[in-house]
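A.B. asks: next input, structure requested:
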Amino acid sequence: RMETDCNPMELPNNTSFEGDSDYRDFEGTDVKDMRLEAEAVVNDVLFAVSNMFVSKTLPCAEDVAYINVETRERNRYCLELTEAGLRVVAYDFDQTDDRLQTPYHETVYSLLDSLSPAYREVFGNALLQRLEALKKDSQS
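C.D. replies: Numbers count the residues shown, from 1 in each chain. Purely as a prediction, here's the structure:
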C-alpha cells in the first residue's frame, strides 16, 4: 500500500471564492484544452487529406490551437481552432495572417468540404463503405 502525505477527502472546503462571481462556476466545469481538441480533429480526418498535424511552433493554449493541413490538391493551410470553431488563418504551415478575415466553421468537415473537392470525395467514399458494412452486418 502506498503512503500518501495528504488525503484529499480530509482537506477543508475552500469557501473564500464563493461570493466572487468570476470563480463561482469554475470548479467542476471542464476547461477544454484546445491542443487535445486539435489532436482529436486531426485524428478524425487525417485519412482524407495529404497531411495534417497540430502546429508545434505556434502557441497552443486552453482557448486556441493551430492545425496545419495539406489537402490532396497540395494546398497548404494553417487553421485556428477556438471555441468559435475552425478557420483558415494562413495559406501555409505555421503562419498567421491578421489581414485574413475568413469565416469560422463549426466542424472540420465543413471547413475541409469548402476547401477541398478531393477531401469531399474521399470522405464521401469512406462514409459509403461504412454504410455498406453496416448494411451487411444487419443482414447477417
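
A.B. asks: every contact and neighbour count from this point should use C-alpha atoms.
C.D. replies: Noted.

A.B. asks: now the helices for the chain?
C.D. replies: 21-24, 34-45, 108-115, 117-139 (DSSP state H).

A.B. asks: mean pLDDT added to the ones you listed, as JSON lines?
C.D. replies: Output for the helices of the chain, formatted as JSON lines (pLDDT from 0 to 100):
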{"stretch": "helix 21-24", "mean pLDDT": "41"}
{"stretch": "helix 34-45", "mean pLDDT": "95"}
{"stretch": "helix 108-115", "mean pLDDT": "97"}
{"stretch": "helix 117-139", "mean pLDDT": "94"}
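
A.B. asks: want to throw those helices into a markdown table with distance to residue 87?
C.D. replies: Below are the helices of the chain laid out as a markdown table (distance: least, CA to CA, whole Å):
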| stretch | distance to residue 87 |
| --- | --- |
| helix 21-24 | 29 |
| helix 34-45 | 13 |
| helix 108-115 | 7 |
| helix 117-139 | 17 |
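
A.B. asks: and the pLDDT for residue 20?
C.D. replies: On the pLDDT scale, residue 20 is placed at 41.

A.B. asks: over to residue 6?
C.D. replies: Confidence score, pLDDT, at residue 6: 40.

A.B. asks: got it, and residue 140?
C.D. replies: pLDDT, residue 140: 84.

A.B. asks: next, count neighbours for it.
C.D. replies: Residues near residue 140, counting by other CA atoms under 10 Å, number 5.

A.B. asks: how near is it to residue 134?
C.D. replies: Using CA to CA, to the nearest Å, residue 140 is found at 10 Å from residue 134.

A.B. asks: ok, residue 79 touching residue 66?
C.D. replies: Yes - with contact defined as CA atoms under 8 Å, residue 79 reaches residue 66; the gap is 5.5 Å.
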